[in-house]
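Undergrad: Generate a structure from the sequence data that follows.
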Amino acid sequence: MIFDIRVHEEYIYIIPSKENTLVKASLRINRRTKKIEEQLQVKLEGKFIGSKSIAYLMGIFRYQQHSFIAIVDQKDRVAQIGQQRIYRIRSISYIQIEVFMLIQNEKQERLGTEVYQTLHGQKELMTRYGFYYSINGDITQAKQYQKHEDSFCWNYTLLNYIQENGLSQQWYFPIIQGYVEQIETVIDNQQIYVILITRRSRFMGGTRYYSRGINDEGHVANFNETEQILIINNFIFSFVSVRGSVPLFWQQDNNMSVKLSRSLDLTITAFQKHFDSLINRYGFVCCINLMQRDKELESQLSNGFQELILRQQNNKVKYAHIDFHSLVKQGSSQRLNPTIYDLKQMINETFQFYLQDNLQQKGIFRVNCLDCLDRTNLYMSKIYFYILNIQLKTLGFKLSANDDILDLFDESNKKLQSDLVIKFKSLWANNGDMISQIYAGTDSTVSQMIRDGKQNFLGMLVQGYRNAERMYNSKFEDDNKQSSINALIQDQKQLDQDIVQSNINIHVITWNVGGKLPQQQNFLQTLLNFQELSNPDVIIFGLQEMVNLNPQNVMVLSNDKNKLIWNNIFQANLQQIDSYILLAEVDLIGIQLQLYIKDIIKHRISKIETDIIKTGMNGILEFNIDDSQLSIINCHLTSGNSSLSDRLRDINDIHEKAFQQSKSTQFKNNDYCFFLGDMNFRIDLQYQEVIDKTFQYQQLLNQDDNKMQKARQILQYLLNNDQLNKVKNENQILKQYNEGGIDFLPTYKYDQYSNVYDTSKKRRIPSWCDRILVKSREDFILQQHFYNRRECLDSDHRPVTSYYTIEVKKLQKVQQIQPVQQKPQQQIQQQQYQFQQIDLL
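TA: Predicted coordinates for the structure are as follows:
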């Protein structure tokens, strides 16, 4: 135990124990102001309440209005590298800083259920899922890279409060998540040690369906650095490689479908950031992609990955695609071995490895499969075994007389294997199990293949069971686990931040095109008429019925042909206006939603997600401009005059189901939401009455003021009988939205290529089917400049357009406080206390 904690009425004291030679001062925490200060000599004040000896100090955890000292109670030593001792955390607890103490039966009531559950969720997370710390060394550092690596420090936010109080660096105690294990054996009468340390990045830290792909800062999901250390006598070798998700913007739902959420053009910036970071830390990078070539779910990611590698033309980045499943057959991985021998020249001449005081590693392998778990861990274990053999040969040791060293790794008869090989394979299987537990909630599906050299029938059954278990976890367990991760890595303290506000202009278009392609393809005076306002920063195209909704087209489930034509038309028009790029698109059986932005604001866009809801046929898109969240719904609701209840049910389903499978979006908490499309709301009057009223309105329009007033009264009469207007204020969802004033005729239904309402036998009642609604949070400013229909005659609907100015906000980043380098010069006077136990959370 390295610290003693004494809780007094007004203060909490953290005092280094006798055996603690790392810290030369104590801390005093004011329980009312929460100010922390270092003391060279302890002066205890106030009424004594209780005390506790602790193994490690993780920092200060803040949640809502509460603050807690996060401490390690129990630990297991798992490795030692020279004087550096590495421990796994086995139990943790919290001491509340606030002035009142809690007794057991009052805890949940006083703290509140949410806080209480958060603390217990963190306990489970940190004791089950591989958290480690070290004494006499920074556990975030690989041997070669003698620099603290912030991305691997999982208690970073817990240490923030210590830094904010200006305490010296001696109080900076990092923890990592990942896996650490040490094995030891004897070769030729020489004791050797192999230590494996996997450090998982806290950036995009999460479970597998919550955390996929890349983010705008260039961080990727499930990024792990694995360092293998070999110690023989005074020689210390090290080799490092990494694994991480495919560096594209992509999502995967519980049904296993994969979709790119951002075009490659809009991915390249984040992609380059990712590789710049790798090169800056490690040097050369060789990407090894293990995904299947003939499986569409994976091939689209591989194709995008390879294309961006080619685009960036970086001579420090190489790429190799090795189809793992095409080579690993019948439970054997031997056919992978030639692909590793192909890396021999790169390992020996380019990358090399670290040898203390002699060699520096100059590059790394970046390995991935879809999840970066099973395939990745097996392949990496073979690379590292190959490296281990080279390192041993450097000192004159030989693992095998056979030059094909990987045959020894694949040997299933343990009687033919040395103690080192058996332990090494177990070491890597354990590593794969823990990384898989962290990300997917189960052990690895190929652990047996690593441990035993092959996978038998029972192993295949276990693999199937674990895949099913992962699916269960994704549906029922990951939410709570992700909440605990978020609470740990996201600082809950509300910091004072400057907010920079700016305006964004948005032009919205909705049009049911009735399965028709336009005869007139110049839309500058219709769909793209901005009425002398500036060119918008964002343009939203929402189309419905891009194909005729007949049974044949519904079964084909494709808009591809017409979509390509419409895309070309839109882009040809936009090129005449300004420099716009397609940010994202969503399509579903006739529905097409496209989002264009000015090229000059693309750096302000982030967190793009898409979804489809088949109820009512809807495409949904969500994205950020700066730190403001926007969503767009393009809908085609149930048709028919008498289907009002079905339309309202569609609306409810859209808002309830949107992004239900996503693990990262907050759809219901967006700052703005644009709801547009063919909503199919009708006018509750007879056909002939509506026809007569529209004719009277047109006759009176643009005449003297008295007749104009009469025209407005006629239009208002029709609007009063519009279904949307009649139900809007009573519907819990619709009443949140606003619609601009309608001063145009109903947009549906026209005879094709004419201005005459439906003259067919069905005599459909003219109605305002095509609408644009918008809602915003109370503290956000939105201005609508116009709301008009446009006269395009190709369809039986008229398009509707609207132009808005919205206010977006950007939070000024608070400068991070670096640990102060000074250390007190005087050692604390050690004192003896009679410690009592205090009640911990």
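Undergrad: C-alpha from now on. contacts and neighbour counts both.
TA: Will do.
Undergrad: Next, work out how far apart Val7 and Ile14 are.
TA: Plainly put, Val7 is 9 Å away from Ile14 if you go by C-alpha to C-alpha, to the nearest Å.
Undergrad: same thing with Glu181?
TA: Counting by C-alpha to C-alpha - Glu181 and Ile14 are separated by 31 Å.
Undergrad: And these two? Which one has more around it.
TA: Just comparing Glu181 and Ile14: by other C-alpha atoms under 10 Å the higher neighbour count belongs to Ile14, 25 against 21.
Undergrad: Please, which helix or strand holds Ile29?
TA: Assessed by DSSP states H and E, Ile29 sits inside strand 26-30.
Undergrad: Work out the gap between that strand and the centre of the chain.
TA: Strand 26-30 sits 37 Å away from the centroid of its parent chain (C-alpha atoms, centre = their mean, to the nearest Å).
Undergrad: Counting by contacts, list what that strand packs against.
TA: On a contact count with 3 or more C-alpha pairs under 8 Å, 6 or more residues apart in numbering; DSSP states H and E, strand 26-30 meets strand 11-16, strand 36-39.
Undergrad: can you give me the angle the helix or strand just after the last one makes with strand 11-16?
TA: Read that as strand 36-39. The element immediately downstream of strand 36-39 (helix or strand, assigned by DSSP H and E) is strand 48-54. Counting by axes from the mean of the first three to the mean of the last three C-alpha atoms, to 10 degrees, strand 48-54 lies at 30 degrees to strand 11-16.
Undergrad: can you give me the strands in the stretch 651-800 of the chain?
TA: Taking DSSP state E, counting those that start in this stretch, the strands of the stretch 651-800 of the chain run over residues 672-678, 770-776, 782-789, 800-811.
Undergrad: Those into JSON lines, with extra columns for mean pLDDT and mean neighbour count?
TA: JSON lines is the format used below for the strands of the stretch 651-800 of the chain (pLDDT from 0 to 100; neighbours: other C-alpha atoms under 10 Å):
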{"stretch": "strand 672-678", "mean pLDDT": "97", "mean neighbour count": "25"}
{"stretch": "strand 770-776", "mean pLDDT": "97", "mean neighbour count": "22"}
{"stretch": "strand 782-789", "mean pLDDT": "97", "mean neighbour count": "18"}
{"stretch": "strand 800-811", "mean pLDDT": "96", "mean neighbour count": "20"}
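Undergrad: Which one of those lies nearest to Leu700?
TA: strand 782-789 (18.9 Å; C-alpha to C-alpha).
Undergrad: Paired strands for the closest one, with orientation please.
TA: The strands beside strand 782-789 in its sheet (DSSP bridges) come out as strand 800-811 (antiparallel).
Undergrad: quick one: contacts of the strand it pairs with?
TA: The contact list for strand 800-811, computed with C-alpha atoms under 8 Å, 6 or more residues apart in numbering, reads 497-511, 527, 530, 625-628, 770-772, 780-790.
Undergrad: Quick check: closest non-adjacent residue to the most centrally placed residue in the chain.
TA: Of all residues in the chain, the one closest to the mean position by C-alpha atoms, centre = their mean is Ser211, 4.2 Å from it. Excluding its sequence neighbours, the residue lying closest to Ser211 (C-alpha to C-alpha, 6 or more residues apart in numbering) is Ala221, at 5.5 Å.
Undergrad: Equivalent analysis for Ile601, please.
TA: Setting aside the residues directly before and after it, Ile601 is nearest to Asp537 in space (C-alpha to C-alpha, 6+ apart), at 7.6 Å.
Undergrad: Would you mind confirming that that neighbour makes contact with Asn503?
TA: No - judged on C-alpha atoms under 8 Å, Asp537 makes no contact with Asn503 at a distance of 9.5 Å.
Undergrad: More neighbours: which of the two?
TA: Counted by other C-alpha under 10 Å, Asp537 and Asn503 do not tie: Asp537 has more neighbours, with 20 against 14.
Undergrad: Can you give me the pLDDT of that one?
TA: pLDDT, Asp537: 98.
Undergrad: Now do the contacts for it.
TA: Contacts for Asp537 (C-alpha under 8 Å, 6+ apart) come out as Ile504, Asn505, Ile506, Ile597, Lys598, Ile601.
Undergrad: quick one: Phe424 and Ile183 touch, right?
TA: Yes - using C-alpha under 8 Å as the test, Phe424 is close enough to Ile183 to be in contact (7.5 Å).
Undergrad: okay, those two: which has more neighbours?
TA: Each of Phe424 and Ile183 has its neighbours counted (other C-alpha under 10 Å); Phe424 has more, 25 against 17.
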